[in-house]
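**Q** Structure for the following, please:
(chains A, B, C and D)
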4 protein chains.
Amino acid sequence: MEDKLGSKAVVNIGLIGYGYWGPNLLRNFAELPGVRTVAVADLRPAQLESVSRRYPSIRTTTHFEDLIADESIEAIVVATPVATHFEFGMAALKAGKHLWLEKPMTETSHQAEKLVEEAEKRSLTLFVDHTFIYTGAVRKMGELIKSGDLGKILYYDSTRVNLGLFQRDVNVIADLAVHDFAILDYLLDEHPIAVSASGINHFPGTPENLAYITLFYDSGAIGHTNVSWLAPVKVRKVLVGGSKRMITYDDLEPSEKVRVYDKGISFTDDPKVIHEMRVGYRTGDMWAPKLDGSEALRVAVEHFVECIAKGEPPITDGRLGLRIVEVIEAATSSMRGRGETVRIRRHKSDEPLTYASR
Amino acid sequence: MEDKLGSKAVVNIGLIGYGYWGPNLLRNFAELPGVRTVAVADLRPAQLESVSRRYPSIRTTTHFEDLIADESIEAIVVATPVATHFEFGMAALKAGKHLWLEKPMTETSHQAEKLVEEAEKRSLTLFVDHTFIYTGAVRKMGELIKSGDLGKILYYDSTRVNLGLFQRDVNVIADLAVHDFAILDYLLDEHPIAVSASGINHFPGTPENLAYITLFYDSGAIGHTNVSWLAPVKVRKVLVGGSKRMITYDDLEPSEKVRVYDKGISFTDDPKVIHEMRVGYRTGDMWAPKLDGSEALRVAVEHFVECIAKGEPPITDGRLGLRIVEVIEAATSSMRGRGETVRIRRHKSDEPLTYASR
Amino acid sequence: MEDKLGSKAVVNIGLIGYGYWGPNLLRNFAELPGVRTVAVADLRPAQLESVSRRYPSIRTTTHFEDLIADESIEAIVVATPVATHFEFGMAALKAGKHLWLEKPMTETSHQAEKLVEEAEKRSLTLFVDHTFIYTGAVRKMGELIKSGDLGKILYYDSTRVNLGLFQRDVNVIADLAVHDFAILDYLLDEHPIAVSASGINHFPGTPENLAYITLFYDSGAIGHTNVSWLAPVKVRKVLVGGSKRMITYDDLEPSEKVRVYDKGISFTDDPKVIHEMRVGYRTGDMWAPKLDGSEALRVAVEHFVECIAKGEPPITDGRLGLRIVEVIEAATSSMRGRGETVRIRRHKSDEPLTYASR
Amino acid sequence: MEDKLGSKAVVNIGLIGYGYWGPNLLRNFAELPGVRTVAVADLRPAQLESVSRRYPSIRTTTHFEDLIADESIEAIVVATPVATHFEFGMAALKAGKHLWLEKPMTETSHQAEKLVEEAEKRSLTLFVDHTFIYTGAVRKMGELIKSGDLGKILYYDSTRVNLGLFQRDVNVIADLAVHDFAILDYLLDEHPIAVSASGINHFPGTPENLAYITLFYDSGAIGHTNVSWLAPVKVRKVLVGGSKRMITYDDLEPSEKVRVYDKGISFTDDPKVIHEMRVGYRTGDMWAPKLDGSEALRVAVEHFVECIAKGEPPITDGRLGLRIVEVIEAATSSMRGRGETVRIRRHKSDEPLTYASR
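**A** Numbering: from 1, shown residues only, chains lettered A, B, ... in the order given. This next block holds a predicted model:
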């Protein structure tokens, strides 16, 4: 196919779902050179009218199958309720199209596995939109951790609460804690081995609206996230403790979101001081590195297109999406058992995903 | 006994332990009319010298038994490491003296029970110094909750973290979460029925320095506290969610520590809208009531003396102290089981404390 | 004229200038029922292309005269550099069109006077876009002051600083302090009688980038604003002191922007205590009223259209715009005299604007 | 004289005035090795009783002359209302004693000059207690400026407001702005040449309770301070703008009081771009250096004693104190002239203080 610039580098996109996040996706795909959004599908005619008013050249349809059948479309973006991700995603992959799925990837880890297998079999790009990983703040934290500046990571502690929006189809773990699970997957070089969670739905018949989740790691690191739709104030704060330095990350600060504290504990196991306090404190400067202020979704969209072009797996590929779904499943299971520890499947990056035991 | 004012209303006090908290206790007892601190015991001569320099008229000794044996002393204040609370406290009660114990009350709930029984048998005042309950902020929150202004209490969520001081003899639950357990005991008209906790000691051989504890209540309310000695910043923030209004309580704010938000959820179970979102939001004014700025320890000390004079049980009596020790025990046990739910003994205020089953 | 709804209520608008603020104006006019933006003029073809992409039905032109000459256009919106406001505005009025001018209204008070006279003579609506007056925060402050809740207003103190954007054509007084002059004009029922200002341009050949302005009032009230383009952090904070209560207004707070403090001074002139301190303090609750969260520009646009329809003067009419230009002139003059007091013309709402003395 | 350590290094001190600041002075002098406070004078017997209770070995008197006449006393500390500083200070100097004066140094610059001359003539240490200069925050800011890290200093902008305490004997300039005048004298290597101030006393018969002061410097730097006793919230914030970097200093922050922003303006006077915007922005990291947390008064007291021992002039010597009094006088005069510029006497460090023209 050829674009108006006479180049063959343009990727034609079809978007399924034009709800809360759809306009952001469409705007970012529209502004990106090398991408052309060909068609949008949504069940609601009013939503499609809104597309047409803003983007008269984009075709609209209430049948997602029209996009699947359209041979000019090379990549499908799915931004519908999670219950439909597997159906739409699998249809797209089977039609040989690259796939962008909103988070969480699927309702079940079994569905996620099937999609990963299908995409890998067909060498298609499977991208899961864990947007936070593409923020300047999280990328800077990743750099700092990978450089060794923080030392050994001891804990990650997040508070992510606000008033509303209550979701109908997913609980607060899949809605909010999912961000921390993805950030942790990106920051640490290990995956959680077990989870203990507690939470509650204060309104019978609705999903859990408040939860506390602890992730355990082999190295002794511990992760925790406090998520709620029922808080009087909005909070988005993360602490990361390393053996050398510690970080605060406040996503609501207009600037200096990430601050690095030259603080820590000095510990002696000298037997001569065994009867005394063996823990000392060290405090020093604080430093807030300049962050890349690019819109995270823009970075993600560029990365998706580049991965399609180069045939490379995205940072947030299907395997990452699958691991996050597994953590959501385990955390939800633990929460319903009032904190009972639930083990999480171990992943190695090069192993096949199919297991006899499943 | 007679004081210099010719009144018999003076209570003679003996203080055991002059470490971190001792000077605050001594200053408050010294400034209170109607109390005379007669003697201070501590094993460290340097500490006793410090007492003598500031208060030349107070006797000092390295033998706590001197205070127990002193018939002029009517009340013993114990501010020593928790491992000694039972021994010193029981000796004081057996000598017929009223008793003030620093928090946590004892190492084990069994010890706490014995002290409660002894004090009740002898009709002596047994006071446990959960100072936070005597702050203007917590008392105001109690008023607001008891008045019904918040509606049904749905959750209590606390973050209580800082860098240091690592304790040698107690873990971070007994050091920091204890404050939330006491505040919850004061604010709610029910006691927790079970607990799930997770936590870690990052330095082998030291007590756990970071913990996350969830308390479950019969009513469906949920309590959570996040405590750490290993955070780069100091945080003391509590959210309380009610069905009508919600509270934030930030103990580090110089003013407006307690803020009441006229915010909440409106929920319909109308079957006609059963397929739609049934949860709405309500937002209104915020209001920060003026708080009593008195030093909490001063209020506690006055209350102790008044309870002795009137023969009435203190707000933070031995039974409250015992309940808190039981929660600490259950939380620590759950933490060591990686979140496994641990049930907590049910308490009714008028039942005897001795059980066949123990 | 008739719109597609068959009603004659639609106002046809022409917009001159599509730079920084133009897209916001166009979006708000586009979303408002009862208004139709017919044409946009700008000297820069690239800007006009941007209009056409978003709003294909709007005509574009590089000649503002096309809009003046268009008989279907009943109101002209001018969002160009201030040096052109008089020319464009006068042309619009002379063509019998209602007029919206961005702030500041004109370069000189003489120009502003001429526009006011022309509009009044022709009974045309002349609106000056002092948007801040249409925010929920400022309107709530106005209510509180007018209700007498604050008592007598003693002072208004504003800090309005940030890094950049350096303007080429106006100094920081006309760019930032103008907001405080407008807010003060709205909040107080008196106008300043004199001004003392100091300030500096740190880069020769550019307008002053930092200024401190004090406004004096007959009642003894005092107004102050601290404005800068050269601050490391962005600040938008106002204090308003009343004899009964005081307000803080922080425009950067996501919520609770306006806070009312039940604090004040109690003052005695009892001759018996004449030799002692005669000033006492009173502190009480703090209260943050819920604010209307509507976009201020949307409220302004609605008000403009309504004023045209009803033939009533806008809140921010030409006379208000003129008074603000006079304060800018006086403040700039005082600043260049290093704080020398400059008197400001007294205004009465019903007097004619033409003076023998000018 | 000999102290109990057998050394002759001890300085004997007499303190005149035991009011608000007296206890802090006495505590710091008492804790410092090498100093012995011999006697305290105050007109109020109740204050002297309070001294005796805490420090039984210190003599007390209601006659300051007793301290002047006491030959064992080598240094006098004056912490009385400012109206008495000259009388007490001159008496001390004439008796050959070193002198510590609370700020502001004297009521008039004429008095301050006389004290400086007397002290210089007799080679006595004359220390003025501008305590802020001895804080870790101000010393660190001084280091940063002197090292050139900030580039050329462009402005200093301070907000120093709170509710109360209204002073009877000095206005808010002498009470609060004095701190900024002293900090500026310390930070900059030039002195202000003129001042423009405005302010008001809202309660007739009391000193001005709110003022805005601008200081002008030869280099083009500008200083500003906003001081008030009538604000609903306490603020202590300073911005310092340099050509390379900028600082914020918030004295109420528990940590990271001083923050350095790698932000600034890049300016071109390239004639080729003369018609375009010539000012650009540069933003980078933020950095909060660790500060010395020592109590500032402790540092000041040590410095005073060291200056006596070595015969060196203190950082806050009489000449600095005099310069500050001159700025207070000029600012107060300008304020009463509604902002009229008042010139300030030029100082050179090595010139004599006596002028023909005065």
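**Q** Based on its surroundings, how many neighbours for residue A:256?
**A** A count of neighbours around residue A:256, defined by other C-beta atoms under 10 Å in any protein chain shown, yields 20. For every residue, glycine as well, the C-beta is placed using N, CA and C.
**Q** Against residue D:254, how distant is it?
**A** Using C-beta to C-beta, to the nearest Å, one gets 17 Å for the distance from residue A:256 to residue D:254.
**Q** mind showing which ranges of the stretch 1-150 of chain A have poor pLDDT?
**A** Applying pLDDT under 70 to the stretch 1-150 of chain A flags the ranges A:1-9.
**Q** 90 - rerun?
**A** A:1-10, A:20, A:30-31, A:33-34, A:52-57 (pLDDT under 90).
**Q** Just give the nearest non-adjacent residue to the residue in it positioned nearest to chain C, would you?
**A** Going by C-beta to the nearest C-beta, chain C is nearest to residue A:56 of the stretch 1-150 of chain A, at 6.9 Å. Distance criterion C-beta to C-beta, 6 or more residues apart in numbering or on different chains; nearest residue to residue A:56, sequence neighbours excluded, is residue C:56 at 6.9 Å.
**Q** Against residue C:16, how distant is the one you found?
**A** For residue C:56, the distance to residue C:16 - C-beta to C-beta - is 20 Å.
**Q** Please identify which of those two sits among more neighbours.
**A** residue C:16 (26 against 9).
**Q** I figured the more buried one hits residue C:88, correct?
**A** Yes. Counting by C-beta atoms under 8 Å, residue C:88 is a contact partner of residue C:16 at 5.5 Å.
**Q** Within range of chain D, give me the residues from the stretch 251-358 of chain A.
**A** A:255-256, A:262, A:283-290 (C-beta under 8 Å from any C-beta of the partner chain).
**Q** near chain B, which residues of the stretch 201-350 of chain A?
**A** Counting by C-beta under 8 Å from any C-beta, the residues of the stretch 201-350 of chain A that sit close to chain B are A:202-206, A:210, A:212, A:214, A:216, A:220, A:222, A:224, A:226, A:228, A:230-233, A:239, A:241, A:246-248, A:259, A:261, A:263, A:265, A:267, A:269, A:277-279, A:281, A:283, A:334, A:337-341.
**Q** Show me where chain A has its helices.
**A** Remark: helices assigned in chain A by DSSP state H are A:22-31, A:45-54, A:64-69, A:85-94, A:109-122, A:136-146, A:172, A:178-187, A:296-310, A:318-336.
**Q** Could you report the neighbour count for residue A:326?
**A** There are 21 residues near residue A:326, going by other C-beta under 10 Å.
**Q** what's near enough to touch it?
**A** Neighbour list for residue A:326: A:109, A:112, A:344-345 [criterion: C-beta atoms under 8 Å, 6 or more residues apart in numbering or on different chains].
**Q** Closest to chain B out of those residues?
**A** For the contacts of residue A:326, the nearest to chain B is residue A:344 (12.7 Å; C-beta to the nearest C-beta).
**Q** Report pLDDT for the residue lying closest to the closest one once chain neighbours are set aside.
**A** Leaving aside its sequence neighbours, residue A:344 sits nearest to residue A:330 (C-beta to C-beta, 6+ apart; 5.0 Å). As predicted, residue A:330 sits at a pLDDT of 98.
**Q** hang on, isn't residue A:330 packed against residue A:343?
**A** Yes. Residue A:330 is within contact range of residue A:343, at 7.4 Å (criterion: C-beta under 8 Å).
**Q** Between these two, tell me which one has more neighbours.
**A** Neighbours were counted for residue A:330 and for residue A:343 using other C-beta under 10 Å; residue A:330 has more, 24 against 12.
**Q** where's the more buried one relative to chain D, distance?
**A** 38 Å (C-beta to the nearest C-beta, to the nearest Å).
**Q** list the contacts for that residue?
**A** Residue A:330 neighbours (C-beta under 8 Å, 6+ apart): A:194-195, A:342-344.
**Q** Now pLDDT too, for the residues you listed, in a markdown table please.
**A** Below are the contacts of residue A:330 laid out as a markdown table (pLDDT from 0 to 100):
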| residue | pLDDT |
| --- | --- |
| A:194 | 97 |
| A:195 | 97 |
| A:342 | 96 |
| A:343 | 95 |
| A:344 | 95 |
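**Q** of all these, which comes closest to residue A:67?
**A** Among those, residue A:344 lies closest to residue A:67 (C-beta to C-beta), at 35.0 Å.
**Q** Against residue A:223, how distant is the closest one?
**A** 12 Å.
**Q** So for these two, which sits in the more crowded spot?
**A** Using other C-beta under 10 Å, the more surrounded residue of residue A:344 and residue A:223 is residue A:223, with 24 against 18.
**Q** measure the nearest residue to the more buried one once chain neighbours are set aside to residue C:100 for me?
**A** Nearest residue to residue A:223, sequence neighbours excluded (C-beta to C-beta, 6+ apart): residue A:215, at 3.8 Å. Distance, residue A:215 to residue C:100, by C-beta to C-beta: 56 Å.
**Q** Once you drop chain neighbours, what's closest to the closest residue to chain B within the stretch 201-350 of chain A?
**A** Closest to chain B within the stretch 201-350 of chain A is residue A:339: 2.7 Å, counting by C-beta to the nearest C-beta. Counting by C-beta to C-beta, 6+ apart, residue A:339 lies nearest to residue B:196, which is 2.7 Å off, once chain neighbours are set aside.
**Q** which ones are touching that neighbour?
**A** Residue B:196 makes contact with A:196, A:198, A:338-339, B:213-214, B:216, B:334, B:339-342, according to C-beta under 8 Å, 6+ apart.
**Q** Repeat that for residue A:247.
**A** Residue A:247 neighbours (C-beta under 8 Å, 6+ apart): A:141, A:144, A:150, A:238-240, A:258-261, B:232.
**Q** let's see 6 Å
**A** For residue A:247, the contacting residues are A:240, A:260, by C-beta atoms under 6 Å, 6 or more residues apart in numbering or on different chains.
**Q** Just the pLDDT for it.
**A** On pLDDT, residue A:247 comes in at 98.
**Q** Run through the bridge partners of residue A:158.
**A** residue A:225, residue A:238 (DSSP bridges).
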